[in-house]
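# quick one: sequence plus predicted model below, questions after.
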Amino acid sequence: MSEDGTANTWRPRTRMVRGGLARTGFRETSEALFMTSGYVYDSALEAEQSFDGTLDRMVYSRFKNPTVAMFEERLAAIEGAEACRATASGMAAVHAALMCQVKAGDRIVASRALFGSCHWIINDLATKFGIEREFVDGKDPEAWARALSKPTACVFIETPSNPTLELIDIPHVAELTHRAGGRLVVDNVFATPILQSPLALGADVVVYSATKHIDGQGRCLGGAILGTQQFCLDVLGPYLRHTGPALSPFNAWLLLKGLETLDLRVERHCANAQAVAQFLEARPEVARVLYPGLDSHPQAALARRQMSGAGSILAFEMKGGKAAAYSLLDRLRLIDISNNLGDAKSLITHPWTTTHQRLPAEEKLAMGIGEGLVRLSVGLEDAQDLMDDLGQALAE
Ligand SMILES: *Cc1c(COP(=O)(O)O)cnc(C)c1O
């Protein structure tokens with residue numbers, strides 16, 4: 001739908017601003033917002049032909065909407081994917097990307113350090129339908145080789161992981177997945193399309209919670225699934241069409257505008273997070289800082305290999321456990337206590353008692369989540385103000 005034939009040669013920054021743009025007859029500058037559930041036909045025959053596929057046109061916004069399509073095309077152009085399908089939330093994307101491709105008797109292998117709801121879909125939901133699952137320590141290449149020595153339909157990973165910032169070697173796991181006969185699905189939320197390109201590293205499908213950096217301004221929920229034309233049309237397409245996790249055109253419009261500044265924002269996020277991580281690492285109250293941009297990160301070399309920047313999220317362990325973590329959170333004046341991430345505003349949360357509350361203590365500990373662990377999503381404020389705020393709160 002791009003304006004002219006030059007779109008394929010545009011560099012990424014141009015695609016972020018103009019990819020997918022489909023102007024109407026009014027020649028508006030900004031993308032048009034089509035708040036419509038349906039479409040009308042000039043004749044009964046036209047309706048028939050729209051349903052039997054003779055005519056390629058929009059028939060219902062659960063299937064396709066012009067504003068949503070612009071968002072899908074722009075994100076696909078940024079990601080370098082053949083196709084993209086948008087969803088109402090990140091979880092709708094993860095759910096559809098996994099469940100559309102598995103059946104009873106299949107096997108899913110996933111990394112253990114996952115976003116809580118992703119863990120629930122694989123561990124609690126998929127198993128109800130007779131799908132086997134195995135969780136592995138994502139940072140251990142041998143564990144992947146063992147788990148993928150059996151036929152496997154689908155592998156699901158998150159890298160960097162939430163909230164412990166563990167990395168998974170995407171090319172290594174992609175190769176093992178393909179040998180086991182499956183597809184590799186990567187939840188690329190923490191890295192964003194700017195810092196890591198899982199498809200180029202061998203993955204088959206990428207999923208996003210667009211709620212995070214893609215909106216990045218705390219306004220709406222959204223999600224996206226990217227892959228080959230064949231996957232999006234034949235495997236995922238019918239699943240989305242009939243289960244209906246469609247993205248609202250209004251939210252698609254917000255997300256389209258989010259993509260225009262994503263690159264700029266992620267650059268600032270990374271610079272701020274690096275400064276804050278180094279500041280925290282030097283503080284005596286902090287036992288350790290987990291951030292892929294620090295030399296102390298156990299997988300710093302892998303981070304440099306597969307990511308072009310370390311991202312906006314870091315975690316750190318307070319020496320005094322839960323009491324010290326709570327006292328830090330309660331003393332902050334600028335940084336907000338919130339479980340969201342990837343926002344323009346810096347947000348801090350205590351995973352043990354919030355995002356990962358439902359997990360048994362042993363599982364949290366196995367994932368590296370201790371009672372003193374704090375997750376910080378570093379925003380776009382002045383980094384010095386963030387460090388001042390953390391400094392005053394730690395000093396109490
Ligand atoms: C937030 C998040 C999700 C879920 O996205 P929603 O938009 O909240 O449904 C999935 N994976 C990761 C890594 C996330 O951070």
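Looks like it arrived, so ask away. Just so it is clear, the model here is predicted, and its values are computed rather than measured.

# which residues of the stretch 151-300 of the chain lie near the ligand?
Neighbours of the ligand within the stretch 151-300 of the chain, by C-beta under 6 Å from any ligand atom: 158, 162, 187, 189, 209, 211-212, 221, 223. For glycine as for every other residue, the C-beta is placed from the backbone atoms N, C-alpha and C.

# rerun at 8 Å
Contact residues (C-beta under 8 Å from any ligand atom) of the stretch 151-300 of the chain with the ligand: 158, 161-162, 187, 189-190, 207, 209-212, 221-223.

# which of the residues in stretch 291-308 are buried?
Residues of stretch 291-308 classed as buried: 291-294, 297, 299-300, 302-303, 306-307 (neighbour count, 16 or more other C-beta atoms under 10 Å).

# in this structure, which residue sits nearest the ligand?
Nearest residue of the chain to the ligand: Gly90, at 2.1 Å (C-beta to the nearest ligand atom).

# and the gap between Arg107 and Thr152?
Distance, Arg107 to Thr152, using C-beta to C-beta, to the nearest Å: 5 Å.

# show me the shaky parts of the protein.
1-7 (pLDDT under 70).

# tell me which stretches of the stretch 51-200 of the chain form strands.
Assigned by DSSP state E, counting those that start in this stretch, the stretch 51-200 of the chain shows strands spanning 83-87, 107-111, 132-136, 154-158, 183-187.

# turn these into TSV, columns for distance to Ala246 and mean neighbour count.
Formatted as TSV, these follow (distance: least, C-beta to C-beta, whole Å; neighbours: other C-beta atoms under 10 Å):
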stretch	distance to Ala246	mean neighbour count
strand 83-87	7	25
strand 107-111	25	25
strand 132-136	28	19
strand 154-158	23	27
strand 183-187	20	27
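
# Tyr41 is in contact with Ser50, isn't it?
Yes: in this structure, Tyr41 is within contact of Ser50 by C-beta atoms under 8 Å, at 6.4 Å.

# would you map the helices across the stretch 151-300 of the chain?
In the stretch 151-300 of the chain, the helices defined using DSSP state H, counting those that start in this stretch lie at 170-179, 192-195, 229-230, 237-243, 249-281, 300-306.

# and the fifth one with strand 83-87, angle?
Counting by axes from the mean of the first three to the mean of the last three C-alpha atoms, to 10 degrees, helix 249-281 points 90 degrees away from the direction of strand 83-87.

# so which elements touch helix 249-281?
When contacts are defined as 3 or more C-beta pairs under 8 Å, 6 or more residues apart in numbering; DSSP states H and E, helix 249-281 sits against helix 12-18, helix 66-79, helix 192-195, strand 286-290, strand 313-318, helix 383-395.

# make a markdown table out of the ones you listed and add distance to Thr243 and mean neighbour count.
Listed next are those as a markdown table, based on distance: least, C-beta to C-beta, whole Å; neighbours: other C-beta under 10 Å:
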| stretch | distance to Thr243 | mean neighbour count |
| --- | --- | --- |
| helix 12-18 | 30 | 16 |
| helix 66-79 | 16 | 25 |
| helix 192-195 | 25 | 24 |
| strand 286-290 | 36 | 20 |
| strand 313-318 | 30 | 24 |
| helix 383-395 | 41 | 16 |
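
# now those as TSV including distance to Arg241?
Shown next, in TSV, are the helices and strands packed on helix 249-281 (distance: least, C-beta to C-beta, whole Å):
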stretch	distance to Arg241
helix 12-18	27
helix 66-79	13
helix 192-195	25
strand 286-290	41
strand 313-318	34
helix 383-395	44
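
# out of these, the one nearest Cys232 is which?
Set against Cys232 and scored by C-beta to C-beta, the helices and strands packed on helix 249-281 come closest in helix 66-79, at 9.1 Å.

# who are the packing partners of the closest one?
helix 12-18, strand 83-87, helix 192-195, strand 223-227, helix 249-281.

# strands paired with the fourth one, and their directions?
Read it as strand 223-227. Sheet pairing for strand 223-227, assigned by DSSP bridges, gives strand 83-87 (antiparallel), strand 205-209 (antiparallel).

# now those in a markdown table, with distance to Asp140?
Shown next, in a markdown table, are the strands paired with strand 223-227 (distance: least, C-beta to C-beta, whole Å):
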| stretch | distance to Asp140 |
| --- | --- |
| strand 83-87 | 31 |
| strand 205-209 | 23 |
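
# among the residues of the stretch 151-300 of the chain next to the ligand, which ones are buried?
Buried, going by 16+ other C-beta under 10 Å: 158, 161-162, 187, 189-190, 207, 209-212, 221-223, out of these.

# out of those, who's nearest Leu347?
Scanning these for proximity to Leu347, where the rule is C-beta to C-beta, the winner is Lys212, at 10.8 Å.

# who's in contact with the closest one?
90, 189, 192, 340-343 (C-beta atoms under 8 Å, 6 or more residues apart in numbering).

# out of those, who has the most neighbours?
For the contacts of Lys212, the largest neighbour count, defined by other C-beta atoms under 10 Å, is 29 neighbours, found at Val189.

# surely that one touches Tyr208?
Yes: the criterion here is C-beta under 8 Å, and Val189 meets it with Tyr208 at 5.9 Å.

# mutual contacts of the two, please.
Common neighbours of Val189 and Tyr208, counting by C-beta under 8 Å, 6+ apart, are Gly90.

# would TSV of the buried ones among the residues of the stretch 151-300 of the chain next to the ligand with distance to Thr243 be doable?
What follows is these, written out as TSV (distance: C-beta to C-beta, whole Å):
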residue	distance to Thr243
Glu158	23
Ser161	27
Asn162	25
Asp187	20
Val189	22
Phe190	27
Val207	16
Ser209	18
Ala210	19
Thr211	20
Lys212	23
Leu221	17
Gly222	17
Gly223	13
